[in-house]
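> Next one to model:
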Amino acid sequence: MKSILPLNISIFLLLSFSINSPLYPKEQKAHQIYFDKHTFQLYPKVYAVFPEIPSPFTAKDGTEVLLALTKDNQYAIMPVSVENGSPLHYSRRVKSVFGKDQQLLIDAADFPTLANTGLHSDEELKGKEMITGFPVSLITYIGLPGRFSGAGFMAEDEDIISVLRTDNQIVKKLGLTHPQMAKPLYHVWNIILKEIELGNWGRYWDNIHYLFYNERKILFKAQGTKGWQISIFQDEIQGSFDIEVKSVLTTVEKAFLKENYSQLPVDQINKLEEKLTTIHFSEMAPYYIMRYGFYEGHTDYRSDPIAIAFVFGLNSLQEIENAFQGNLHNVLTNHFTSNTVKE
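Now for the predicted structure:
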């Protein structure tokens, strides 16, 4: 988690929501699903043999599931439905409430095109002066390193609008939308919520080792932290978990990168592979992506949309390369400044 610095900013607003509010219907509690004339029991039921169902998979009743491999080498069908639920709230004064919160919410008031299409209008972004009722200059200021957090939400030379605009262009080039990008990260987070619900969570949790997603095997690590991170958008989104997912390149994919980026020295090839295959994030990331199309700037907690597309099998490596045509290394590493954002 980002290291949080003590701040005394009078305009900061903490929004609280009643657990019984109609905005927060109870999370789905399905215990089994049906596929190909078979009934499968959901986690905490485990299987010794790989269950022959797609992963991810959405059942007829809307329940979304994901296959996982436990530390005991058993298979689990994890319920991971993306949905609004009870609030996710961290507090020293009251017992923490671990719910899904508003996972489907998009900030339609600030970004009507995003709410209607899943992508931003670049014209709307260029003229944007306020987000969630606060000046974009303030959001940029508190999002830089050493302000709301030690690591920051953007690099020193980035601003909130340049980051939103450039990532929107990247997602559009990939042929995807921000809700599509948010969903796999929500699925990962919802596994953690299920583990907490079942009492399986410890700070150095290691119960689930791998996830299976669109025929990719994903290494999954997560741990809780002692404090929590507040949001630069002055909303209820908070973070208190370090999460990492990693998908190992196949021999064919490694050869593809070396062939197409043979001009890069070894250290840059290694950096390209790492940025493409590894995502280190907190639970704030999917809410930020869904609600605002914000993946964070170039910090340790960036959830790069190209990495999301690759790690979770939303796009093949060939499709990603076709979208950026020899410029993949630069797109993954260059900062998104107001001087470099494409018009």
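> May I have the strands that pair with the strand ranked longest in the chain, each with its orientation?
Taking DSSP state E as the criterion, the chain has its longest strand at strand 216-229. The strands that strand 216-229 pairs with in its sheet are strand 208-213 (antiparallel), strand 239-247 (antiparallel) (by DSSP bridges).
> following the last one, which helix or strand comes up?
What that stands for is strand 239-247. Using DSSP states H and E, the helix or strand that follows strand 239-247 towards the C-terminus is helix 251-260.
> For that next one, output the C-alpha coordinates as PDB.
The C-alpha trace of helix 251-260 is given here as PDB (Å, rounded to 0.1, in the frame of the first residue of the first chain):
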ATOM      1  CA  THR A 251       8.500 -19.400 -25.200                       C
ATOM      2  CA  VAL A 252       6.700 -18.200 -28.300                       C
ATOM      3  CA  GLU A 253       5.800 -14.900 -26.700                       C
ATOM      4  CA  LYS A 254       9.400 -14.300 -25.500                       C
ATOM      5  CA  ALA A 255      10.700 -15.000 -29.000                       C
ATOM      6  CA  PHE A 256       8.100 -12.600 -30.500                       C
ATOM      7  CA  LEU A 257       9.200  -9.700 -28.300                       C
ATOM      8  CA  LYS A 258      12.900 -10.300 -29.000                       C
ATOM      9  CA  GLU A 259      12.300 -10.400 -32.700                       C
ATOM     10  CA  ASN A 260      10.100  -7.300 -32.800                       C
END
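> mean confidence for that helix?
Averaged over helix 251-260, pLDDT sits at 96.
> which other residues reach that helix?
Residues outside helix 251-260 that contact it (C-beta atoms under 8 Å, 6 or more residues apart in numbering) are 249, 269, 272-273, 276, 317-318, 321, 326, 328. Where you see a C-beta, it was placed from the backbone N, CA and C, and this is true even at glycine.
> got it, and stretch 238-250?
Under the criterion C-beta under 8 Å, 6+ apart, residues 1-2, 88-90, 188-189, 192, 211, 216-225, 227-231, 257, 273, 276-284, 310-312 lie in contact with stretch 238-250.
> For ChimeraX, write the select line for the buried members of these.
Taking 16 or more other C-beta atoms under 10 Å as the burial criterion, the selection of buried members of the contacts of stretch 238-250 in ChimeraX is written as:
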select :1,2,88,89,188,189,192,211,216,218,220,222,223,224,225,228,229,230,231,257,273,276,277,278,279,280,281,282,283,284,310,311,312
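> What pairs with the helix-or-strand element of the chain with minimal mean pLDDT, parallel or antiparallel?
Least confident element among the helices and strands of the chain, by mean pLDDT, DSSP states H and E: strand 97-98 (a mean of 78). Each strand pairing with strand 97-98, determined using DSSP bridges, is listed with its direction: strand 88-89 (antiparallel).
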